[in-house]
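> What would the 3D arrangement of this be:
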Amino acid sequence: MINFFRKLRKKLADDNKPLKYMRYAVGEILLVVIGILIALQINNWNEHKKERKLERKVLTELLTSLEQNYNRMISDSIKRSNWDRSSDIVITTLEHGMAYSDTMNKHFQDARKPGTNLSLSFAGYEGLKNVGYNIISSDTLRNNIVELFELTHKTLLEEMEYFESFQPDRQAYIDKLFSYDHKKFDSNNPFNVPIYPNNYSALIQDSIYLPMIKSVTIQRNVISVLLYDNIKETQRVISLIENELNELKK
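Here you go, the predicted structure:
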């Protein structure tokens, strides 16, 4: 096509027809400009396609991390609920001076636990940071993801770490009052070996143990509130990501 215009332009120039020459020269320029614009549009469309493909990959990885976190937090929440029940049993038994039973041993073990070493996955979020936050086209979704990982999750983990920092001192005191029922050690559940009091009568009179268990229970409940918020927010962001992935498939 361009060769055609060149030949025509040369002929018009040779025939000394400047007006027609100018018209065809302008037409040739317009043709080149249109070709460039079409090429740019195709290039932009290809780039957009690549970005959306990368966005789907990033969101899928985020979804995997959040689903893992959701399941771990649900499991953690169930454990805390069971430990609260053990704390209530221990507190009620000692406050009322009830007789000792070896069924208490499991509750003595669980009542002392402030929480678990909860580990949340940040793999998907780190992937997002490496690629760049702007790869997520939805401002609302992007802001919700950042807030969940940078604020909600981190606040929970920091509070857990803070309460865990008291555990060594508590454990040292527990070791003075209790012994481990080593015959009931379970390799599949090594941290749940029942403990029994060295002197149950002295335990009832101990001025430190019962307040300590009450303190642990309060700390555990504080974390449970934060955990509930994390579970709720995680579930909400999962729903947002799933909706966005469905939109990107269209």
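> Taking the centroid of the chain, which residue is nearest it?
A centroid search over the chain (Cα atoms, centre = their mean) returns L66, at 4.5 Å, as the residue closest to the centre.
> Next SSE downstream of the helix or strand harbouring it?
Using DSSP states H and E, the secondary-structure element containing L66 is helix 18-95. Remark: after helix 18-95, the chain's next helix or strand is helix 104-111, criterion DSSP H and E.
> so what's S86 up against?
Listed by Cβ atoms under 8 Å, 6 or more residues apart in numbering, the contact set of S86 reads K106, H107, F108, Q109, D110, A111. For every residue, glycine as well, the C-beta is placed using N, CA and C.
> okay, and for this protein, where does confidence drop off?
For the chain, residues meeting the criterion pLDDT under 70 lie at 1-33, 35-48, 190.
> What separation do you get for H96 and V90?
Remark: distance between H96 and V90 (Cβ to Cβ, to the nearest Å) = 11 Å.
> what do you get for T116?
19 Å.
> So the two - more neighbours on which side?
Neighbours per residue, other Cβ atoms under 10 Å: of T116 and V90, the larger number sits with V90, 23 against 16.
> Just give me the neighbour total for the closest residue to M212 other than its chain neighbours.
When the adjacent residues along the chain are set aside, M212 lies closest to R170, with 6.2 Å between them (Cβ to Cβ, 6 or more residues apart in numbering). Around R170 sit 18 other residues, with neighbours defined as other Cβ under 10 Å.
> ok, now V225?
Burial of V225, expressed as a neighbour count using other Cβ under 10 Å, amounts to 11.
> Report the distance from whichever strand or helix holds it to the chain centre.
Taking DSSP H and E as the criterion, the element that holds V225 is helix 209-248. For helix 209-248, the gap between its own C-alpha mean and the chain's C-alpha mean amounts to 11 Å (Cα atoms, centre = their mean, to the nearest Å).
> And that helix, what's buried?
By neighbour count, and taking 16 or more other Cβ atoms under 10 Å as the criterion, the buried residues in helix 209-248 are 209-210, 212-213, 216-217, 219-220, 222-224, 226-227, 230-231, 233-234, 237-238, 240-241, 244.
> One more: stretch 150-169?
If you call a residue buried by 16+ other Cβ under 10 Å, then stretch 150-169 has these buried ones: T152, H153, L156, L157, E159, M160, F163.
> Quick one: residues contacting the fifth one.
With Cβ under 8 Å, 6+ apart as the criterion, the residues that contact E159 are V222, I223, L226.
> Go again with 7 Å.
Shown in contact with E159 (Cβ atoms under 7 Å, 6 or more residues apart in numbering): I223, L226.
> For the residue nearest to M212, what is the enclosing helix or strand?
helix 167-177.
> can you list contacts of the next helix or strand after that helix?
Sequence-wise, the next helix or strand beyond helix 167-177 is strand 178-180, with elements assigned using DSSP H and E. Contacts of strand 178-180 from elsewhere in the structure, counted by Cβ under 7 Å, 6+ apart, are F108, V193, I195, Y196, P197, N198.
> Can you spell out which helices and strands pack onto the helix holding V225?
Under the contact definition 3 or more Cβ pairs under 7 Å, 6 or more residues apart in numbering; DSSP states H and E, helix 209-248 sits against helix 18-95, helix 139-147, helix 154-164, helix 167-177.
> how far away is L227 from L157?
Computed as Cβ to Cβ, the L227 to L157 distance reads 11 Å.
> again but with D84, I slipped
Where L157 is concerned, D84 sits at a distance of 21 Å (Cβ to Cβ).
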